[in-house]
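K.L.:
sequence unknown, structure follows:
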């Protein structure tokens, strides 16, 4: 218990002192997971809208795949993406293995089904006549997406928060695809694993505090966006 | 502007729910699409709005084979985006690319016509059912369109609001200038609002024409029943009696009504019962009570006869002018 307490005090000291390496890892984590979430949302929200309104035969299987995708083990995704990005793999020429962009690609695959499935549910909760009305009035696809997204923003913000959560909290995919290279692809989760394995619990706890703080920060911002203008 | 249907077939779940070989809808004035629930009339409206894909055939504006109809719609259930009533009307007009200055004047004009001027700054989602339907109709009519489509415009509103809207809508239709299609299952609503009617039964157009003519002379028993006629088998014929025309008396087609219930209205006494196996209503005097069998009559000129195949046996309607809707 004393070791945990000492570790926590040391962690707070490190965070308070603005440790440079810690700061860099935190910024890198935010950059990688934030970019992955943004890309996954850019693709997942329109797909969610399409799935919520489309009436094609494969709609339910597509939804089932997305729902299953929410439970994909990150380490499996990491392994598949790593094999694809290896020099000898089909996308080896892109040179993305052991890079931040490679990590972003893996995290996009993790966050995308979460955001798409939650978005589809959020759009399905809107009255179907609303989309029909906008269509009849002449709103194009992009305008409809924007207007309906505003109407469904409670659910969409929750979708993006869940997507960011799945990206920022995974460790397996980032470890395999990024390689946990110090100063390059090391993010908070992979650092925690490394520091723990080295027995440096205080460093691991400092990184954990920062990761929790980051998660609260992003969730807080999205919650403000989500709740703004909601009638009391 | 006419919306033409050519060889249109719509299927859902393997069933044909709309089958229209040919129909010219809404060339001008107000057309009622009249039919019972589940008859396919809302599907017809959605086809006209371009929201329902026909499995066969096509729907197009008479003036242009290449252009989708520029339509305006009020759905049965009012839907709004977040914001005030004004914002909702403004958004609809903006999407139709109406200039900002004209948007403002149109909003004020149609809000006044539908009695919602005082509601323009209210949150659209906080409106009562009647207020929301008024805003819904104001939005549909304010938007410039080749055809305005209104799906059950008085559904879900209380009777005073419905009566008020029945008074206001004709003026709003005239202001909109575009042909209007009103989908309804209410005969009285159609009679009050429309000049013409298309009767839809089981996905088929069962009749169409000027509404007073259709009302005076329904072409089939099914159309007569939809228009409120009481259908009574007499010998080998089927006699259709116009709504509100059965009463105690001595002249006309004589029938026997077994009274099981009396409904005392303020000025008239209504007897409900059976003519044979057919449930009917007649206006009666004070001496009639439940349990009695009485003789009732219908004026011959308010009766239409069909033969055993449902074809018109004789047209006994000779009265001229628009009939009074039943009270």
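P.N.:
Received it, and whenever you're ready, just let me know what you need. Since we're looking at a predicted model, the values are computed, not measured.
K.L.:
Flag every residue of chain A that's near chain B.
P.N.:
Selection of chain A residues close to chain B by CB under 8 Å from any CB of the partner chain yields A:127, A:129-130, A:132-139, A:143, A:147, A:150-151, A:229, A:231. Using the backbone N, CA and C atoms, a C-beta is placed for each residue, glycine as well.
K.L.:
Tell me the backbone dihedrals of residue B:54, please.
P.N.:
Reported as degrees, to the nearest 10, the phi and psi values for residue B:54 are phi -80, psi 140.
K.L.:
Then residue B:270?
P.N.:
Residue B:270 adopts backbone torsions of phi -110, psi 120, taken as degrees, to the nearest 10.
K.L.:
Can you classify the nearest residue to it once chain neighbours are set aside as helix, strand or coil?
P.N.:
Spatial nearest neighbour of residue B:270, excluding adjacent residues (CB to CB, 6 or more residues apart in numbering or on different chains): residue B:263 at 4.2 Å. Recorded secondary structure, residue B:263: strand (DSSP: H, G, I helix; E, B strand; the rest coil).
K.L.:
What residues does chain B have near chain A?
P.N.:
Residues of chain B lying near chain A by CB under 8 Å from any CB: B:46, B:49-51, B:70-73, B:75, B:77, B:79, B:81-82, B:91-92, B:95-97, B:123, B:125-126, B:143.
K.L.:
In helices only, show me these.
P.N.:
Secondary structure assignment by DSSP state H places B:46, B:91-92, B:95 of the residues of chain B next to chain A in helices.
K.L.:
among those residues, who's most crowded?
P.N.:
Counting neighbours by other CB atoms under 10 Å in any protein chain shown, residue B:92 leads these with 26 neighbours.
K.L.:
Relative to residue B:191, how far out is that one?
P.N.:
29 Å (CB to CB, to the nearest Å).
K.L.:
ditto for residue B:159
P.N.:
16 Å.
K.L.:
Over to residue B:47?
P.N.:
Distance, residue B:47 to residue B:191, using CB to CB: 25 Å.
K.L.:
picking that back up, for the ones in helices among the residues of chain B next to chain A, which one is nearest chain A?
P.N.:
Of all these, chain A sits closest to residue B:95, with 4.1 Å by CB to the nearest CB.
K.L.:
Give me the pLDDT value at the closest one.
P.N.:
pLDDT recorded at residue B:95 is 94.
K.L.:
Enumerate every residue touching it.
P.N.:
The contact partners of residue B:95, taken as CB atoms under 8 Å, 6 or more residues apart in numbering or on different chains, are A:134, A:137-139, A:143.
K.L.:
Helices - which of these land there?
P.N.:
Short answer: the contacts of residue B:95 in helices (DSSP H) are A:134, A:137, A:143.
K.L.:
now, among those residues, which is nearest to chain B?
P.N.:
residue A:137 (4.1 Å).
K.L.:
does that closest one really touch residue B:88, like I thought?
P.N.:
No: counting by CB atoms under 8 Å, residue B:88 is not a contact partner of residue A:137; they are 11.0 Å apart.
K.L.:
Would you state the helices of the stretch 51-200 of chain B in chain order?
P.N.:
For the stretch 51-200 of chain B, the helices defined by DSSP state H, counting those that start in this stretch cover B:85-95, B:100-113, B:129-142, B:159-176, B:187-193.
K.L.:
Let's have these in CSV, adding distance to residue B:254.
P.N.:
Putting those into CSV (distance: least, CB to CB, whole Å) gives the following:
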stretch, distance to residue B:254
helix B:85-95, 56
helix B:100-113, 49
helix B:129-142, 45
helix B:159-176, 35
helix B:187-193, 26
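K.L.:
Determine which of those approaches residue A:119 most closely.
P.N.:
For the helices of the stretch 51-200 of chain B, distance to residue A:119 was read as CB to CB. The smallest value, 22.3 Å, belongs to helix B:85-95.
K.L.:
Now the buried members of the residues of chain A next to chain B.
P.N.:
A:129-130, A:132-137, A:139, A:147, A:151 (16 or more other CB atoms under 10 Å in any protein chain shown).
K.L.:
can I assume residue B:238 sits in a strand?
P.N.:
Yes: counting by three-state DSSP, one finds residue B:238 located in a strand.
K.L.:
Wait, residue B:73 touches residue B:140, no?
P.N.:
Yes: assessed by CB under 8 Å, residue B:73 is found in contact with residue B:140 at 6.1 Å.
K.L.:
between the two, what contacts are shared?
P.N.:
Common neighbours of residue B:73 and residue B:140, counting by CB under 8 Å, 6+ apart, are B:148-150.
K.L.:
just to revisit the earlier point, single out the most deeply packed of the helices of the stretch 51-200 of chain B.
P.N.:
Ranked by mean neighbour count under mean count of other CB atoms under 10 Å in any protein chain shown, the helices of the stretch 51-200 of chain B are led by helix B:129-142, which reaches a mean of 25.
K.L.:
I'd assumed residue A:82 was in contact with residue A:109.
P.N.:
No: counting by CB under 8 Å, residue A:109 stays clear of residue A:82, with 11.9 Å between them.
K.L.:
For chain A, name the helix or strand with the lowest mean pLDDT.
P.N.:
Ranking every helix and strand in chain A by mean pLDDT, DSSP states H and E puts helix A:2-17 at the bottom, with a mean of 78.
K.L.:
For the helix or strand just after that helix, buried residues please.
P.N.:
Using DSSP states H and E, the helix or strand that follows helix A:2-17 in sequence is helix A:20-53. Using 16+ other CB under 10 Å as the burial criterion, the residues of helix A:20-53 that qualify are A:22, A:25-26, A:28-30, A:32-37, A:39-41, A:44-53.
K.L.:
on contacts alone, who are the packing partners of the next helix or strand after helix A:20-53?
P.N.:
Remark: after helix A:20-53, the chain's next helix or strand is helix A:59-69, criterion DSSP H and E. Packing partners of helix A:59-69 (3 or more CB pairs under 8 Å, 6 or more residues apart in numbering or on different chains; DSSP states H and E): helix A:20-53, helix A:100-124.
K.L.:
Sounds good, over and out.
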